[in-house]
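# Here is a sequence together with a model predicted from it:
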Amino acid sequence: MTDLYTQAQALFPYAQAMRRDFHIHPELGFQEVRTSGIIARELRALGLEVSTGIAKTGVIAHIEGAQPGPVVLLRFDIDALPIHEETGAEYASQTPGLMHACGHDGHTSIGLTVAKLLHAQRENFAGTFKMVFQPAEEGMGGAELMVREGAMEGPTPARTLGLHIWNSKPLGWIGIAAGPVMAGASTFKITVSGKGGHGAIPHQSIDPVLASAQIITALQSIVSRNVDAQKAAVVTVASIHGGEAFNVIPPQVEMLGTIRFFEPEVGALVHRRFEEIVQNTAAAMQCRAEIELTELTPPVINDQTTTECVLRAAKSVFPEETPDTNPYVTMGSEDFAFFQQKAPGTYFFVGSNNEARGLNYGHHHPKFDFDEQVLVRGSALMAAAALEVIKEA
């Protein structure tokens, strides 16, 4: 399959032009009208059957092989972030306050390039590739909505594949491993209510600030005292707000944060202890607590068989390289997990930073940018992995 890399390299001008166009014109989740229009146009130009409007701005196309066979879903996310760009690149965002700071412009470009590569191979495989361009990955539930609106039906995939260009690692690195690779995630809002009063006479009030401090401290015991030390979880209170004046005890305090975990049973334990601690600590301080807990996504857990297919593809495309098969895990979350819940699959990482060129800022940073040669590497690997998986599905 090394010729797939050659073909992907020949398509680099196309991939780069697509990526830069998406980068100049970023769109937030469920608002990717221009982006999805271009995706649909490019896919229809290949003569593919294309469906639009799934999960508002999602696009799905099918690439049919020479013979009937299994269905493999390839997913690419398309949304940008509410971040003001500071890269100074010639292709920087022209929309103030919005930018592609996570690489989804690259993913979309890779997806369109992969469509061209697989379409050219259609006489050489049996089955169907379902190309899914997903909106609203950035915590807005795009994958879950696509699943609810039938993305996993008509036809039903047997396997799933996804990728992320990864600026924490250099161009040339590839991370492919079975098991958990990205965390399940929940967000929470805690409202602690007491009785406001004068800061000089606190005994006449019921202080929600003090109660909130006790809650924050107690929540840290979940990971340190309830979760098995050989497992992993995170409970983070990232925002706290109460009161406006130095001498007024407020009636309420609000806290925002996130819970992360890799194993569903650990997630269940953390969520249970979270609610117990918040409610009981607030009550012990004579306050009331209201909890709004939103589950964003399950953990991304890679299937062993599919992962072995991706590894074979990587060794075929890059015969002189050795993929990193040590489980590369991150507490970042990914709603690709909703597709994996319906059909087993693998989510892999492709290194994209270039420190010598200053392209090494992290994801969600206003100076985030990547070495565009990752478009070639990612496209070749995804196409090869797809062809390998469809033989085994």
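Yep, it's here.
# Outside of stretch 143-159 itself, list whatever touches it.
54-56, 58, 60, 62, 70-73, 75, 128, 130, 132, 134, 136-137, 297, 303, 306, 335-339, 341-345, 389-390, 392-393 (C-beta atoms under 8 Å, 6 or more residues apart in numbering). Bear in mind the C-beta positions are built from the backbone N, C-alpha and C, glycine included.
# List only buried entries from these.
Buried by 16 or more other C-beta atoms under 10 Å: 54-56, 58, 60, 62, 70-73, 75, 128, 130, 132, 134, 136-137, 297, 303, 306, 335-339, 341, 343-345, 389-390, 393, out of the contacts of stretch 143-159.
# can you pull the contacts of the residue nearest the centre of the chain?
In the chain, the residue lying closest to the centroid (C-alpha atoms, centre = their mean) is Glu334, at 3.0 Å. By C-beta under 8 Å, 6+ apart, the contact set of Glu334 is 137, 162, 164, 182, 297, 300, 347.
# how about the residues you listed in CSV, adding distance to Ile190?
Below are the contacts of Glu334 laid out as CSV (distance: C-beta to C-beta, whole Å):
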residue, distance to Ile190
Glu137, 26
Gly162, 33
His164, 31
Met182, 25
Thr297, 21
Val300, 27
Tyr347, 31
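# and those residues, which of them are in strands?
Within the contacts of Glu334, residues falling in strands by DSSP state E are 162, 164, 182, 297, 300, 347.
# distance between stretch 330-340 and the chain's centre?
How far stretch 330-340 lies from its chain's middle: 6 Å, per C-alpha atoms, centre = their mean, to the nearest Å.
# same for the longest helix along the chain, what does it pack against?
Ranked by residue count, the top helix of the chain under DSSP state H comes out as helix 264-284. If you count contacts as 3 or more C-beta pairs under 8 Å, 6 or more residues apart in numbering; DSSP states H and E, helix 264-284 packs onto strand 179-193, helix 208-221, strand 233-241, strand 252-261, strand 288-297.
# Show me the two of the ones in strands among the contacts of Glu334 that sit farthest apart.
His164 and Thr297 (13.8 Å; C-beta to C-beta).
# returning to that earlier point: let me know which of the helices and strands packed on helix 264-284 is the nearest to Gly358.
Across these, closest to Gly358 is strand 179-193 (C-beta to C-beta), at 26.9 Å.
# The closest one: partners in the sheet, and parallel or antiparallel?
Counting by DSSP bridges, the strands paired with strand 179-193 are strand 252-261 (antiparallel), strand 288-297 (antiparallel), strand 300-302 (antiparallel), strand 330-333 (parallel).
# Please identify the most buried of those.
strand 300-302 (a mean of 24; mean count of other C-beta atoms under 10 Å).
# How about the contacts made by the nearest residue to Val33 once chain neighbours are set aside?
Distance criterion C-beta to C-beta, 6 or more residues apart in numbering; nearest residue to Val33, sequence neighbours excluded, is Thr57 at 6.2 Å. For Thr57, the contacting residues are 30-33, 35-36, 78, 135-136, by C-beta under 8 Å, 6+ apart.
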